[in-house]
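Asker: got a sequence here, can you model it:
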Amino acid sequence: MRSVKLLATVGRAQDPFPAPRLPEVAFAGRSNVGKSTLINTLLRRKRLARVSKKPGKTTTINIYEVDGHFHLADLPGFGYAKVPGSERARWARLVGSYLEQRSNLAGILHLVDGRHLPQPTDLQMRDWIAASQIPFMVIATKIDKVKRSQRATRIRAIAEGLDLPSLDHVLPVSSETKEGIRELWNEIRGLTDPADPAESAGGES
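Answerer: Next up, the predicted model:
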């Protein structure tokens with residue numbers, strides 16, 4: 001990994017997004033699912049994406065250019081019960097606008113907490129993704145917190161809970177142990193450079 005730069009921070013549906021110059025991958029997930037921590041781990045940065053113990057802190061779409069090769073969009077966390085209804089409505093408008101406008105959106109990484117079954121808001125996000133017809137992968141975070149003897153059962157439950165075509169649509173990862181990080185890079189490279197499947201691991205070698 002050579003360079004990461006912030007292109008834009010978008011907080012309202014009417015605000016402009018950066019030009020769709022490169023393929024873009026969006027990270028979406030419920031509040032406190034470990035999205036910011038995973039992005040920091042993936043990009044080998046400690047504080048690129050803000051990490052907070054209090055859910056609901058990320059309220060904007062932050063778009064980064066990675067290595068001059070692709071864009072990474074960090075969507076605001078959703079599903080935090082203590083966020084006012086007006087804020088949830090703003091989030092829906094913002095993300096809806098994003099999904100409609102980003103002609104360069106190559107894929108969506110839908111993060112779910114690997115310790116738990118999908119929540120109603122996860123199902124809502126799954127419906128949004130299905131309606132957009134954009135390639136996606138479900139990322140089961142914090143998998144190190146699940147006993148190895150229980151992981152296969154948990155992955156199957158997540159796939160069935162989200163009505164996914166197969167278990168291949170669920171990738172278990174851990175920011176703590178780095179499990180699945182290489183595979184996640186392979187997924188991102190496949191989405192952003194499908195003509196060259198041999199390019200993989202995004203500098204993890």
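
Asker: check what pLDDT Pro23 gets.
Answerer: In this prediction, Pro23 carries a pLDDT score of 97.

Asker: burial of it, as a residue count?
Answerer: Other residues lying near Pro23 total 17 when counted by other C-beta atoms under 10 Å. Yep, even glycine has a C-beta here, placed from its N, CA and C like the rest.

Asker: surely it and Arg189 touch.
Answerer: No - with contact defined as C-beta atoms under 8 Å, Pro23 does not reach Arg189; the gap is 10.2 Å.

Asker: do a quick rundown of the helices in this structure.
Answerer: Here the chain has its helices, by DSSP state H, at 35-42, 85-101, 120-132, 148-161, 181-192.

Asker: contacts only, for Asp144.
Answerer: Applying C-beta atoms under 8 Å, 6 or more residues apart in numbering to Asp144 gives the contacts Ser174, Glu176, Thr177, Glu179.

Asker: which residue is the nearest non-sequential neighbour of the first one?
Answerer: Meaning Ser174. Closest residue to Ser174 apart from its sequence neighbours, by C-beta to C-beta, 6 or more residues apart in numbering: Asp144 at 3.9 Å.

Asker: and if you look at the second one?
Answerer: When the adjacent residues along the chain are set aside, Glu176 lies closest to Asp144, with 5.1 Å between them (C-beta to C-beta, 6+ apart).

Asker: for the most centrally placed residue in the chain, list each beta-bridge partner.
Answerer: Nearest to the mean C-alpha position of the chain, by C-alpha atoms, centre = their mean, lies Phe27 at 2.0 Å. Here Phe27 sits in beta bridges with Asp74, Leu109, as judged by DSSP bridges.
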